[in-house]
Structures are given as structure tokens and as C-alpha cells.
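J.: Sharing a model prediction with you, sequence too.
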Amino acid sequence: MNKTRFQVKQSALVGALAFLLGSTPCALAQSGPAHVFPMKNSQSAAQAVAATVPLTDHGGPVLQNATTYAIYWGKQTSFPSDLKTAMPLFFEGFGGSVYSYILDQYMPAVFASSFDTTTVTDTTAAPTTSPATSKIVNEACKYIKSKTLPSDPIDTATNSGGLYVVFTSTFPKGVSFCAWHSYGMCSGKEIAVAYIPNLTNQSGCNPGNLYNANTYSEGTRADANVLAHETSEAATDPELNAWYDSSGYEIGDKCAWIFSSAVTLANSTTWQLQEEWSNAINGCAQEQTTP
């Protein structure tokens, strides 16, 4: 499969440096590549290629039942001041919404998600350069091993598992992506992760405020849109071997930066979120009215 457009290339040197700098050695091996969400000025080519090509099931697991876990890593005052208030509302409203119903066509049964309110605050220095996937997996694994967060690995038999979302107070230098999702080993079990850097004042990641959906800050609104993309992709392709098209584009890639209206989630909160690809209509969709 051709997914090189979206992969953050890792090297043995990066992994070795992560170890030497003190990363917890629970996930140094077998971390997957990062499937990245390109900034909006580099997304049009992907959409042109993928405009009429359906997603195909390549046989890997999905996260039909998913719990999200949030880790806030870095200088806490550098995060948007409203981020930690807004994100639980986003996560709690995502599952069971007309937006998430789009995902059901790629699942064995109705997609269901929940949010673990035991969020983690890590005040150690967050990475300032593009982190290896192993570094983000290690960050989640550290809290799994300490039992601060539950172990919720990808279960191929039940198509369930957690998504460990690592927010950082920093944005990496010299990158052209807004976020990514991947997977890696923690204590012998594979976990799904997403990396969400601080998107404040990152123009290539700012969706704007087209519909005045809410009054959150620019950085928090950008995070919500990126999370809709990454959560949808992690649910339908957590190991990068499930649902993607012939060019390697996942459910969010094919519709990135396309908006049609404000989205009301299951808890009645409203957000500006990108559309997601629907095989059912062979196009991008903002919602599906029934699961």
C-alpha cells in the first residue's frame, strides 16, 4: 500500500535518542509510522486523487467500542485557557452523534465511544521537534504502567480499545502537519495513540470560525476539528491496516478542510468539524441521521 505521503519517517537514531533522553522503555519497539493530518495548504492534492475512490477494508481491526484518554504534556499555562474545559465536552458528545454515525458503515456494529475523565497532567518538558511515534506511545505507556490510566489495548477479537490522546503545549518546528495518529506496543500489548500539538496561532491548522458554532478560543477550535479527523481515523484504521483507499487516504484525509455547517454532538454542544468520507454516498458527509 502507498501511505508514504502521510507517514512521518522515523530512524533508528531518533529511537535511540529518545531512549537516551529518558523515555520509558515500554514501547521502544514495534511502534507504527505516523499517519499525519497535513496542513490545509497541502491537502488539495490528496482530495483530488481521492475524490471518487471508496475506502476499502484491508482486514485490520477497528475500534467499534472506543474509550478516549487525554494526556496534557508540557507547560500547562501554554495551552489555550479553555482547552481542558472544552475537550471533555467534545469527547463526551462525539460518540452517539449524527457525526459519528458516519463511522458505522465501517464497523461490525454501531460505533460507540466514551471518555475517561481521569485526564493526566504531565508538567515535564514536551517535545519541541517532531516526536517519534515511540515517544508518544511511551508517554501514554508511562501512565498505563503506573495505573494512572487503564490498559486498554487494541483488541482484534472484539474490535475495541482505547485511544490515548497526547496533547502537547508545544508545536514542533518545521513541520507541515497538524496532528497524527499511530499505534505501538506497551507492556506487550498494542495501543492506539494520537498526537495533538498546540495549534494556537498555527494558520495552516486553523479552520476559521465559519459558523460561529461556539465561543472557544482559536487554538481550542482548531484542536476540536483535528480531533474529529484523528478520532475518526483511529476508530476506522487504528493499526493502519483496515479502512483506507487505493492511495492510502483514510476517512478524514479525503474530506479534510471541507465544512458545510456547524455540527451538533450528542450532548448538544456545537462545533465546526470537517466532513468525513462516506462510502454510502461516495462523497464527504457532515452527518448521518441514523446509526
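T.: Cool, the structure landed.

J.: switch to C-alpha atoms for all contacts and neighbour counts from now on
T.: OK.

J.: secondary structure class for the spatially most central residue of the chain?
T.: The chain has residue 230 as the residue nearest its centroid, 2.6 Å off, counting by CA atoms, centre = their mean. The three-state assignment at residue 230 reads helix, by DSSP: H, G, I helix; E, B strand; the rest coil.

J.: what pairs with the nearest residue to it once chain neighbours are set aside across the strands?
T.: Nearest non-adjacent residue to residue 230, counting by CA to CA, 6 or more residues apart in numbering: residue 181, 6.2 Å away. Beta-bridge partners recorded for residue 181 (DSSP bridges): residue 35, residue 194.

J.: what sits against residue 181?
T.: Shown in contact with residue 181 (CA atoms under 8 Å, 6 or more residues apart in numbering): 34, 35, 36, 192, 193, 194, 195, 230, 233, 234, 238.

J.: and the fifth one, what is it in contact with?
T.: Going by CA under 8 Å, 6+ apart, residue 193 touches 136, 137, 140, 163, 164, 165, 166, 181, 182, 183, 184, 234.

J.: Okay, the residue lying closest to it once chain neighbours are set aside and residue 141: tell me how far apart.
T.: Counting by CA to CA, 6+ apart, residue 193 lies nearest to residue 164, which is 4.6 Å off, once chain neighbours are set aside. Counting by CA to CA, to the nearest Å, the gap from residue 164 to residue 141 is 9 Å.

J.: Please apply the same query to residue 199.
T.: Taking CA to CA, one finds residue 199 at 24 Å from residue 141.

J.: Give me the below-cutoff pLDDT ranges for the chain.
T.: 1-29, 42-51 (pLDDT under 70).

J.: Break down it into its helices, ranges please.
T.: Ranges of helices within the chain are 12-20, 44-50, 83-94, 133-145, 218-236, based on DSSP state H.

J.: Run the chain-centre distance for stretch 90-99.
T.: 14 Å (CA atoms, centre = their mean, to the nearest Å).

J.: can you give me the end-to-end distance of that stretch?
T.: 12 Å.

J.: Other residues contacting it?
T.: So stretch 90-99 is contacted by 68, 100, 111-115, 224, 263-269, 286-291 (CA under 8 Å, 6+ apart).

J.: Can you flag the buried ones in the residues you listed?
T.: 68, 100, 111-115, 224, 263-266, 269, 286-287, 291 (16 or more other CA atoms under 10 Å).

J.: Much appreciated, bye for now.
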